[in-house]
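Participant: mind folding the following:
(chains A, B, C and D)
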Number of protein chains: 2
Amino acid sequence: MPADIRQVAELAGVSIATVSHVINNTRYVTDGTKKKVQEAMEALQYKPNSVARSLRSHKSNTIGLIFPVLPSDTSNFFFANVAHGVQTKMKQHGYQLLLSTNSTESVEDEKEQIELFNSKLIDGLILAPASEELSHLKEIVSNEYPVVFIDRRARGYEADCILSDNYMGSYEAVKLLIEKGHRKIGLITGNRGVSTNNDRVRAYKQALVDYGISYMPGRIIEGRSSFEDGYACGLRMLEQPDITALFVTNNILTMGVMGALQERGIRIPEQMAVIGFDDYDWTRITTPPLTVIRQPSYELGEKAAEIMLERIAKVDKPPQEYSLPTELIVRDSC
Amino acid sequence: MPADIRQVAELAGVSIATVSHVINNTRYVTDGTKKKVQEAMEALQYKPNSVARSLRSHKSNTIGLIFPVLPSDTSNFFFANVAHGVQTKMKQHGYQLLLSTNSTESVEDEKEQIELFNSKLIDGLILAPASEELSHLKEIVSNEYPVVFIDRRARGYEADCILSDNYMGSYEAVKLLIEKGHRKIGLITGNRGVSTNNDRVRAYKQALVDYGISYMPGRIIEGRSSFEDGYACGLRMLEQPDITALFVTNNILTMGVMGALQERGIRIPEQMAVIGFDDYDWTRITTPPLTVIRQPSYELGEKAAEIMLERIAKVDKPPQEYSLPTELIVRDSC
DNA sequence: CTGAAAGCGCTTACAG
DNA sequence: CTGAAAGCGCTTACAG
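Facilitator: Purely as a prediction, here's the structure:
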């Protein structure tokens, strides 16, 4: 049985109010009594009960974090890093993380999870939303804590949003392909219902237009985010005989595409230039090493935590979108 | 302001005790009053406050989860899957997850984190321990909740432990290399202070012995778990001119090793056979695709959750070690 | 079959 | 400068 505040008070010969105040530094206490209290706490190995504290103060020092985990083993790189960034920053400020992985990317699951969090008292929610349309959040979140979106933009709910600069990153990538002389550039993208992919596709189109290349819808193929789908999309792309370069908007699809190209014996970049997404170590050891767009995943998490801390501290400013720069890592695949 | 139990009781015209009992199904209530209560809860959109509930009942329906995240981007695959397994199972039983990522693999950080968890009331702790020696846990954990180790065995603290069958998996891999005619097999391993790696190294030695091959210490190289170290270890291995096969005991090192071999133009498997660890999608698209040992990461998480639930339910049996089978995925690198 | 009341371990006005 | 006491929202013996 751990000691409670009453025992500390008794041992120190003061009231529990005083103990509470020295713990929280919340009103002046003379050095003498402060010392007595500290010694008592030390002697009893007292640890404040944060459940009681939460109940009383309506603060939990916990923030909820919800992000998707796709069935594919390899889909988790990104969000694991994001989570780590969030955690590291939050810990420095005494916050803990209540985690939920959402494996279905369904709005229903997301709602259910948020309601679970609600019953537990969280001081904030960081969310990678499953869909672009989030007006349903209004009913559940009930304004009791700030929400920060991460990785994906959302409509229907006003909140801060931390993103990679998907547009600029993608634009640069396509621009590089064009500058290398490519005119028939295919695009393979994941689910378009998510802002991340939308931004990447938009940049692709805009880059083509800006360089006077006519955009052909047939050169965009959409797949779900899996190796198998990437593989299938890769093969379908190869049926269009004139395409000389490929921009693949996420790392799982990129793997599948590489699988397809390899199997068909397509030489990269001679027969097909490739640019993929996310700078994971494995992209350095494909044949040839891949040119990719690096996303600042850890930094995204850190930034989200930072903004969350501001909001918890009631910083008064309109919700904002923060766009963190990506980096084009040029290797040998284009 | 969300409704509380008192308001529900008033609206339903019963005592709060009765409301509590219909919520928790904890004593008989007539269908009539039960219905009134349910309608009142519905009307007020009542959600029980689980902080109050925890304070009173000394149960939080939350379990703590601590695992390492290495600085390398790609180190997180494994534990993200484990976490997802834990979460999925726990959610089915109404439990939530308090997550902490430990980036330093230091015992100090681990202690500190556990103490943080302690103050928050957790019903159980699932831990991938940073070291093999855990007698310090006794002081911190104080027997108030069950502990389950995951991925790594530990001495000094009696608890259930969920592992991949690292020994068998590795034994099979080395055996395969031997059967293919290799006699001079190098081993590249991560930090030997962790049971996971120890088991893998032990299997390597035993397989050699069993097949009458003399074991040479110089053929074992230990590195930290990073691409760069894997690369360096790969190069060092190449200085031993007679080695024809390599067993690499984790996926990050495997990447680095592949990088080194590729750079030196070593043909795989003709000049050097390679078997690596963990079946991630990227291992299918290296040149050639890699033979690897698949670990059941998600299943490890599930199993840990299962055992934890048993322990929470006070199943009475001695702590046990659970070893989940790995699978040798044979591709073209050996 | 149900209610009144104590109490979980704190924080925080109020009072002196 | 410090204490007594109310109360956060529940659960759970106790009583009838």
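Participant: use CA for all of it now, contacts and neighbours both
Facilitator: OK.
Participant: outside of stretch A:112-130 itself, list whatever touches it.
Facilitator: Here stretch A:112-130 makes contact (CA atoms under 8 Å, 6 or more residues apart in numbering or on different chains) with A:58-68, A:100, A:105-107, A:110, A:140-141, A:145-154, A:194, A:304, A:308, A:312, B:47-51.
Participant: my bad, should have said stretch A:52-69
Facilitator: Stretch A:52-69 has contacts (CA under 8 Å, 6+ apart) with A:50-51, A:75-76, A:79, A:83, A:94-105, A:117, A:121-130, B:51-52, B:55, B:84.
Participant: so which of the residues you listed belong to strands?
Facilitator: Counting by DSSP state E, those place A:96-102, A:124-127 in strands.
Participant: ok, which stretches of chain A are helices?
Facilitator: Using DSSP state H, the helices of chain A run over residues A:5-12, A:16-24, A:31-44, A:50-57, A:77-92, A:107-119, A:137-141, A:166-179, A:195-210, A:227-238, A:251-263, A:297-312.
Participant: show the model's pLDDT score for the closest residue to DNA strand D within the stretch 101-250 of chain A.
Facilitator: At 8.7 Å from DNA strand D, A:Ser119 is the closest residue in the stretch 101-250 of chain A, using CA to the nearest atom of the strand. If you check A:Ser119, the pLDDT there is 80.
Participant: can you list the ones in strands among the contacts of stretch A:52-69 in TSV and add pLDDT?
Facilitator: Converted to TSV, those look like this (pLDDT from 0 to 100):
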residue	pLDDT
A:Gln96	91
A:Leu97	92
A:Leu98	92
A:Leu99	89
A:Ser100	89
A:Thr101	84
A:Asn102	80
A:Gly124	94
A:Leu125	94
A:Ile126	95
A:Leu127	92
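Participant: export the residues you listed to JSON lines and tack on distance to DNA strand C and neighbour count?
Facilitator: JSON lines is the format used below for the ones in strands among the contacts of stretch A:52-69 (distance: CA to the nearest atom of the strand, whole Å; neighbours: other CA atoms under 10 Å in any protein chain shown):
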{"residue": "A:Gln96", "distance to DNA strand C": "16", "neighbour count": "25"}
{"residue": "A:Leu97", "distance to DNA strand C": "20", "neighbour count": "25"}
{"residue": "A:Leu98", "distance to DNA strand C": "21", "neighbour count": "22"}
{"residue": "A:Leu99", "distance to DNA strand C": "24", "neighbour count": "24"}
{"residue": "A:Ser100", "distance to DNA strand C": "27", "neighbour count": "27"}
{"residue": "A:Thr101", "distance to DNA strand C": "31", "neighbour count": "23"}
{"residue": "A:Asn102", "distance to DNA strand C": "32", "neighbour count": "22"}
{"residue": "A:Gly124", "distance to DNA strand C": "18", "neighbour count": "26"}
{"residue": "A:Leu125", "distance to DNA strand C": "21", "neighbour count": "24"}
{"residue": "A:Ile126", "distance to DNA strand C": "24", "neighbour count": "26"}
{"residue": "A:Leu127", "distance to DNA strand C": "27", "neighbour count": "22"}
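Participant: may I ask which two of those are separated the most?
Facilitator: Across the ones in strands among the contacts of stretch A:52-69, no pair lies farther apart than A:Gln96 and A:Asn102, at 19.1 Å, counting by CA to CA.
Participant: hang on, the earlier thing: of the helices of chain A, which shows the lowest average pLDDT?
Facilitator: Looking at the helices of chain A, the bottom one is helix A:137-141 with a mean of 79.
Participant: helices and strands around it, which ones?
Facilitator: helix A:107-119 (3 or more CA pairs under 8 Å, 6 or more residues apart in numbering or on different chains; DSSP states H and E).
Participant: for the helix it packs on, which positions count as buried?
Facilitator: Neighbour counts over helix A:107-119 (16 or more other CA atoms under 10 Å in any protein chain shown) mark A:107, A:110-111, A:113-114, A:116-118 as buried.
Participant: only alpha carbons, please: show that helix as PDB.
Facilitator: Provided in PDB are the C-alpha atoms of helix A:107-119 (Å, rounded to 0.1, in the frame of the first residue of the first chain):
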ATOM      1  CA  VAL A 107     -14.900   6.600 -39.400                       C
ATOM      2  CA  GLU A 108     -17.000   4.500 -37.100                       C
ATOM      3  CA  ASP A 109     -14.000   3.000 -35.300                       C
ATOM      4  CA  GLU A 110     -12.600   6.400 -35.000                       C
ATOM      5  CA  LYS A 111     -15.700   7.700 -33.300                       C
ATOM      6  CA  GLU A 112     -15.900   4.800 -31.000                       C
ATOM      7  CA  GLN A 113     -12.300   5.300 -30.000                       C
ATOM      8  CA  ILE A 114     -12.700   9.000 -29.300                       C
ATOM      9  CA  GLU A 115     -15.700   8.200 -27.100                       C
ATOM     10  CA  LEU A 116     -13.500   5.800 -25.200                       C
ATOM     11  CA  PHE A 117     -11.000   8.500 -24.700                       C
ATOM     12  CA  ASN A 118     -13.600  10.900 -23.600                       C
ATOM     13  CA  SER A 119     -14.700   8.800 -20.700                       C
END
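Participant: starting at the chain centroid, how far to it?
Facilitator: Between the centre of helix A:107-119 and the centre of its chain there are 18 Å (CA atoms, centre = their mean, to the nearest Å).
Participant: cool, stretch A:139-152 as well?
Facilitator: Distance, stretch centre to chain centre, for stretch A:139-152: 14 Å (CA atoms, centre = their mean).
Participant: and what of stretch A:187-204?
Facilitator: 16 Å.
Participant: quickly list the domain ranges of chain A.
Facilitator: A:5-48, A:62-163+A:297-324, A:166-294 (automatic domain parsing).
Participant: for the closest residue to chain B within the stretch 1-150 of chain A, give the beta-bridge partners.
Facilitator: Residue nearest to chain B within the stretch 1-150 of chain A (CA to the nearest CA): A:Leu98, separated by 4.6 Å. Beta bridges link A:Leu98 to A:Gly64, B:Leu98 when assigned by DSSP bridges.
Participant: what about it, distance to DNA strand D?
Facilitator: Separation of A:Leu98 from DNA strand D (CA to the nearest atom of the strand, to the nearest Å): 20 Å.
Participant: quick one: pLDDT of the residue in the stretch 151-300 of chain A that DNA strand C sits nearest to?
Facilitator: Closest contact between the stretch 151-300 of chain A and DNA strand C, by CA to the nearest atom of the strand, is at A:Ala159 (26.3 Å). With respect to pLDDT, A:Ala159 scores 93.
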